[in-house]
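K.L.:
missing the sequence, but the structure's below:
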């Protein structure tokens, strides 16, 4: 059974940084991508970043490019999202996802974390 357990998040002032973690259980990395998504109230879930199965390729939404970094530690079975220079518009519930293709479309992913709130105040 695949389980994704998220930690991190919280409240920060604009310009600050946060790191999200996603511990993965029962998942085989070999052929599928992992990613981070976010959903603000009243909005659709949007892709933030994706990492290839080997970890050698990453792709970001234009809105976070240069500010966010996706990474993984396979020895710890953990996915990370380092978020710097946070803006009020980054406020959302953030989700990690697994079992996907190299895409920022939520429909391409099978497994999801429970979500963690990120609030950025200006």
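P.N.:
Arrived safely. Owing to the predicted nature of the structure, the values given are computational and were not obtained by experimental measurement.

K.L.:
Each with direction, which strands does the helix or strand where residue 81 lies pair with?
P.N.:
Per DSSP states H and E: residue 81 is located in strand 78-83. Strand 78-83 sits in its sheet next to strand 18-25 (antiparallel), strand 68-73 (antiparallel), going by DSSP bridges.

K.L.:
Please identify the buried residues of the longest one?
P.N.:
Looking back up the chat, that one is strand 18-25. Residues of strand 18-25 classed as buried by neighbour count (16 or more other Cβ atoms under 10 Å): 18, 20, 21, 22, 24. Just so you know, the C-beta spots here come from the backbone N, C-alpha and C atoms, and that holds for glycine as well.

K.L.:
Let's have these in TSV, adding distance to residue 67 and pLDDT.
P.N.:
TSV is the format used below for the buried residues of strand 18-25 (distance: Cβ to Cβ, whole Å; pLDDT from 0 to 100):
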residue	distance to residue 67	pLDDT
18	11	98
20	13	98
21	18	98
22	19	97
24	24	94
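
K.L.:
Looking at the residues you listed, which one is closest to residue 88?
P.N.:
Distance to residue 88, by Cβ to Cβ, is smallest for residue 18 among the buried residues of strand 18-25, at 13.6 Å.

K.L.:
my guess is the closest one meets residue 118, correct?
P.N.:
Yes: contact status for residue 18 versus residue 118: in contact at 6.2 Å, counting by Cβ atoms under 8 Å.

K.L.:
quick one: common contacting residues for the two?
P.N.:
9, 10, 12, 83, 86 (Cβ atoms under 8 Å, 6 or more residues apart in numbering).

K.L.:
Filter these down to just the buried residues.
P.N.:
9, 12, 83, 86.
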